[in-house]
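S.K.: Whatever this is, show me its structure:
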Amino acid sequence: MERRDVREMITDASRDARNRHNVRTETENSDTKRHQTPRHTGSDCVKSRSSRAAPVCLVLLCVLLLTAVIVLGVNLHNMIEEFYIKNKNLTDEIQELKTNKSNLKNNIKKISSEKIILTAEKQDLQKKMEELWQQISKMDGWKCYQSSLYYVSSENKNWTESRRDCTERGADLIIINNREELDFVKKVSGGSEVWIGLTEVEGTWKWVDSSIRTTGFWASGKPSSGNEDCAVNLSSGFADYSCDKPIKWIYGWTCYQSSLYYNSSEEKNWNDSNQDCLKRGANLTIINSNEEQDFLKIYGEVWIGLTNMEGTWKWVDGSTLTPSFWGYGEPNEHTKKDCAVNSKRQGNPGWNYYPCSSTFKWICEK
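M.R.: A predicted model of the protein is given here:
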């Protein structure tokens, strides 16, 4: 009985000791948990960082989007400005093209009108040329070649008489300037000998216009050293003959456009020059265009058909002066020079005027 009680007591004491130990342990654990700092695992840290990075990325993305929108807006504005500028330039170009088109239409109308006028003038000139050729065809012995009109005589005279006959017809003995003209003269003369406008003056061979021979087509062994001072044209070339020998001759006028021109070989005052032209069935030349002015420059200083009549410059046919080709400083209104010459002098080419009593060569036109 006692052993059972002692065993029970020991058992109860042991149970109480275990209970107290468990209570204390639970209490300590409770206190430890209450005062201990919580510890996070690795997975909890990753989740915490991810939750903080998301807003930052969102903000950065918004900033990037805003920047992109601003850049695109600026580019769009520049593109719109560039478009407006190009559009304005195209508008201006279109307007300019319209203006040019209108001007071209006006020019075409003007050219068409001028074409009609020129066509009428051409027909008129052709008619005049036909009339001129009809007159020429009726003139026995006359031949035309390039820019000259030639007459071949049917009788024989010495050089002086031959030239006199030429001047009485308003022309002069022929001057041959090139091989083609030489061949033509041979053809129209039938290869026979004819006087030409070339003579020896004081040891120098000169043409009848006083120019020195710059081209020559002398036959072999010609010219000789004798007293044969006048030139003839042979089938073989030029030859020098005695001026007294009677043979045929050739003379001519110069053709230009629809007119014939005669250049004198001597000098006279203006009135005598004009009278000489009238005897030849012509007048002192009237210059109507810049082309004709350039053509007549080859003749040097020559009287032309222009005079100052009572303070007004007029042509010999009574027409007023249009156009004009005065040299620099001419006409000088402080002088009393009344007659005009055409000049090609260096430094001041064009028309000049002198007292009508001065002597110059002259140009006749018909």
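S.K.: Can you give me the pLDDT of the closest residue to Trp218 other than its chain neighbours?
M.R.: Distances taken as C-beta to C-beta, 6 or more residues apart in numbering place Phe238 nearest to Trp218, at 4.7 Å, with adjacent residues excluded. Just so you know, the C-beta spots here come from the backbone N, C-alpha and C atoms, and that holds for glycine as well. Listed pLDDT for Phe238 reads 89.
S.K.: Work out for me the element Leu72 sits within.
M.R.: According to DSSP states H and E, Leu72 maps onto helix 42-138.
S.K.: Remind me what that helix packs against, helices and strands.
M.R.: strand 142-145 (3 or more C-beta pairs under 8 Å, 6 or more residues apart in numbering; DSSP states H and E).
S.K.: Ser210 and Cys255, how far apart?
M.R.: From Ser210 over to Cys255 the distance is 22 Å, taken as C-beta to C-beta, to the nearest Å.
S.K.: Looking only at neighbour counts, state which of the two leads.
M.R.: More neighbours surround Cys255 than the other of Ser210 and Cys255, with 16 against 12 (other C-beta atoms under 10 Å).
S.K.: can you give me the angle the strand or helix carrying that one makes with helix 42-138?
M.R.: Element membership of Cys255 [criterion: DSSP H and E] is strand 248-256. For strand 248-256 against helix 42-138, the angle by axes from the mean of the first three to the mean of the last three C-alpha atoms, to 10 degrees is 140 degrees.
S.K.: List the first helix or strand encountered after strand 248-256 toward the C-terminus.
M.R.: Next element after strand 248-256 (DSSP H and E): strand 259-263.
S.K.: Paired strands for that following strand, with orientation please.
M.R.: strand 248-256 (antiparallel), strand 361-365 (antiparallel) (DSSP bridges).
S.K.: other SSEs contacting the helix or strand following that strand?
M.R.: Sequence-wise, the next helix or strand downstream of strand 259-263 (DSSP H and E) is helix 270-279. Applying 3+ C-beta pairs under 8 Å, 6+ apart, one finds that helix 270-279 contacts strand 283-284, strand 302-309, strand 361-365.
S.K.: Let's see that with 10 Å instead.
M.R.: Where contact means 3 or more C-beta pairs under 10 Å, 6 or more residues apart in numbering; DSSP states H and E, helix 270-279 is packed against helix 159-168, strand 283-284, strand 302-309, strand 339-343, strand 361-365.
S.K.: Least confident of the strands paired with strand 259-263, on average?
M.R.: Among the strands paired with strand 259-263, strand 248-256 carries the lowest mean pLDDT, a mean of 76.
S.K.: Now that strand: buried residues?
M.R.: Residues of strand 248-256 classed as buried: 248-255 (neighbour count, 16 or more other C-beta atoms under 10 Å).
S.K.: what angle separates that strand from helix 159-168?
M.R.: Using the same axes, to 10 degrees, strand 248-256 lies at 30 degrees relative to helix 159-168.
S.K.: All set, thanks.
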